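Chemist: sequence-free structure coming up:
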């Protein structure tokens, strides 16, 4: 009698093993290994054979290959176009993730309404809401148009049938975890289902030259649920950031085959839905008055300079001192505190230190180091800083303040917002009305303060 073949698959990342394991060795998740049935194993074998038996193309010199002529079209949202690299690319597959209630469905329904108003036929597939629920949201977003078609369906075969029978120019899938394929013997949202459905959607996008936007659920650690192959297969991966209780939302690109991933889109949630933020002035800082422990700086989000407020709280510790930061790297905070103790002899080892970046934004560049130090010193001395001064500079382990990129753009943004002074590590290349104080060491900043 032949021995029964067993195969276990991780429902978090798709890793396969011939034996059960309590902890997946690929993604380090516990209790995610599920035994596949005989039908599922047979399906995996058949699909792998089909892929291996596909015709093999001959290699050509890259000099003989013609480049694709990409013609983008606008989504009707300048912020989304900025993140995508200039607009929507035909035949592209885009994945949007984010926490529940942050505005993924709202944004895509508004985009679908914009395109339908311009004469394009749009299909909005929803496996989570009824057509009546989507109609209510469309009324609020002013997205009602006869070119926008709603399909509340979770069967992939029904969705594909609708796509092939009508000439759609834009498709939204809400969401990938709710769709299921009859050909795949597993539950909706499983690794096998997500992988199969994404392959089908990719085939539709490339063969029919239709841009497809997919909404993906996220796990508790913030990553998109399902196998990592989902993010590898799509052309663009976008993530929504920000507090769902706040009106501001940030849309950041983590992968883009047709443009840069440095840009970030900023939206405002109001009664009319998710709209482009028209002005950044005052969104991330309070210019009227700064309390002790607050400092201002300018960060670059792609090509856009944004003025933000850094807040620090330094208080006496009772027991083990705490170091906590929101929107700033905690390891970098620990490094800056060690530098202040070493170079300036500040007894911060007996104090709790908390850092917060206002507005829910996350700092991903070292140019805010000097503002972090200024805010910590302001809270430690209990002295307010000037509302007309901004701090710019990367701080090294030796106490040296290093140059930052795009200094001219940052200074222009300061002048536009009405600021008059800046503490920077080097002299700007162009003339500026901002009064600049050059400081190449942390000790000089302390003397100035």
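Modeler: The structure has been received and is ready for your questions. Please read these numbers as outputs of a predicted model, since none were measured by experiment.
Chemist: residues making contact with the helix ranked longest in the chain?
Modeler: The longest helix of the chain (DSSP state H) is helix 191-208. Outside helix 191-208, the residues that touch it by C-beta atoms under 8 Å, 6 or more residues apart in numbering are 9-11, 13-14, 36, 40, 43-44, 47, 91-93, 156, 160, 163, 171, 173, 176-177, 179-181, 183-184, 186-187, 210-212, 214, 226-227, 229-230, 233-234. Just so you know, the C-beta spots here come from the backbone N, C-alpha and C atoms, and that holds for glycine as well.
Chemist: if we use 7 Å, what do you get?
Modeler: Applying C-beta atoms under 7 Å, 6 or more residues apart in numbering, the contact partners of helix 191-208 are 9, 11, 14, 40, 91-93, 156, 160, 163, 173, 176-177, 179-181, 184, 186, 210-212, 214, 226-227, 229-230, 233.
Chemist: filter these down to just the ones in helices.
Modeler: Counted as lying in helices by DSSP H, out of these, are 40, 156, 160, 163, 229, 230, 233.
Chemist: partners of the lengthiest strand in the chain, with directions?
Modeler: As assigned by DSSP state E, the longest strand anywhere in the chain is strand 304-316. Applying DSSP bridges, strand 304-316 is found paired with strand 294-301 (antiparallel), strand 351-357 (antiparallel).
Chemist: out of those strands, which is the most enclosed?
Modeler: Comparing the strands paired with strand 304-316 by mean neighbour count (mean count of other C-beta atoms under 10 Å), strand 294-301 ranks first with a mean of 25.
Chemist: that strand: how far from the chain's middle?
Modeler: 20 Å (C-alpha atoms, centre = their mean, to the nearest Å).
Chemist: how about stretch 76-89?
Modeler: Chain-centre distance of stretch 76-89: 15 Å, with C-alpha atoms, centre = their mean.
Chemist: and the strands paired with strand 304-316 as a markdown table, adding distance to residue 430 and mean pLDDT?
Modeler: Formatted as a markdown table, the strands paired with strand 304-316 follow (distance: least, C-beta to C-beta, whole Å; pLDDT from 0 to 100):
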| stretch | distance to residue 430 | mean pLDDT |
| --- | --- | --- |
| strand 294-301 | 16 | 91 |
| strand 351-357 | 29 | 94 |
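Chemist: could the ones you listed go into CSV alongside distance to residue 250?
Modeler: Listed next are those as CSV, based on distance: least, C-beta to C-beta, whole Å:
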stretch, distance to residue 250
strand 294-301, 8
strand 351-357, 12
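Chemist: quick one: which of the ones you listed is nearest residue 284?
Modeler: For the strands paired with strand 304-316, the distance to residue 284 is smallest for strand 351-357, at 8.1 Å, taking C-beta to C-beta.
Chemist: list the contacts of that closest one.
Modeler: Residues outside strand 351-357 that contact it (C-beta under 7 Å, 6+ apart): 308, 310-317, 321-328, 333, 337, 363, 372, 376.
Chemist: go through the helix or strand following that strand and flag the buried ones.
Modeler: As assigned by DSSP states H and E, the chain's next helix or strand after strand 351-357 is helix 369-381. Applying a neighbour-count criterion of 16 or more other C-beta atoms under 10 Å, the buried positions in helix 369-381 are 369, 370, 371, 372, 373, 374, 375, 376, 377, 378, 379, 380.
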